[in-house]
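>>> any chance you could fold what I've pasted below:
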Amino acid sequence: MTRIDFYVLPSADAHSRRLMACRLAEKAIKQDLSVFLYTSSEEEERVLDDLLWTFRQGSFVAHERFDASEAQAETPVLIGHRSAPQPAKDVLINLSAEVPPELDRFQRLIELVDQDESVKQAGRRRYRFYSDQGHTVQTHRLD
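This next block holds a predicted model:
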């Protein structure tokens, strides 16, 4: 069963969630894990694509935007807003307000929730959904 972790951020802005996603993706690939960053839109994909190049000086996170028509199994980090890649990556980082598709194909799901009220409400709905599905959900409050 997929391990699910919620990270609750102290700020209330989307940029902080995106930065945390970049940091977690970088940490995962240093552990030889592959990552799928699931976004809510093509625009969000573009923002993350740019941010993965610039979020920290001296960092390089090999990544590309996911296109289901192309084989991209070798790229450690994929960014997308539609279906999940085949084969699935090790870690799924959800930046959308919805439950990501095919989450059971991933070893780990990371949910990032900030203090924006709409983000918190969507996070609570996802938390209930995962719990109702029998997942054990861990919560980490970041300061």
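>>> quick one, what contacts V119?
By Cβ atoms under 8 Å, 6 or more residues apart in numbering, the residues touching V119 are A12, R17, A97, V113. In short, each C-beta sits where N, CA and C put it, glycine included.
>>> my error: substitute K120 in the last question.
V113, D114.
>>> so which strand or helix has it?
Element membership for K120 (DSSP states H and E) is helix 117-132.
>>> which element follows that helix toward the C-terminus?
Toward the C-terminus from helix 117-132 - assigned by DSSP H and E - lies strand 137-141.
>>> I79: what secondary structure?
strand (DSSP: H, G, I helix; E, B strand; the rest coil).
>>> what's across from it in the sheet?
Beta-bridge pairing for I79 (DSSP bridges): L37, R65.
>>> residue nearest the centroid of the protein?
I93 (1.6 Å; Cα atoms, centre = their mean).
>>> what does the helix or strand hosting it rub up against?
Using DSSP H and E, I93 sits in strand 91-94. The contact list for strand 91-94 (Cβ under 8 Å, 6+ apart) reads 2, 21, 24-25, 28, 33-38, 84, 100, 103, 106-112, 126.
>>> restricted to buried residues, select these in ChimeraX.
Of the contacts of strand 91-94, the buried ones go into a single ChimeraX selection, burial set by 16 or more other Cβ atoms under 10 Å:
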select :2,21,24,25,28,33,34,35,36,37,38,84,100,103,106,108,109,110,111,112,126
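>>> so which of the contacts of strand 91-94 belong to strands?
If you go by DSSP state E, the contacts of strand 91-94 have V35, F36, L37, Y38, R108, L109, I110, E111, L112 in strands.
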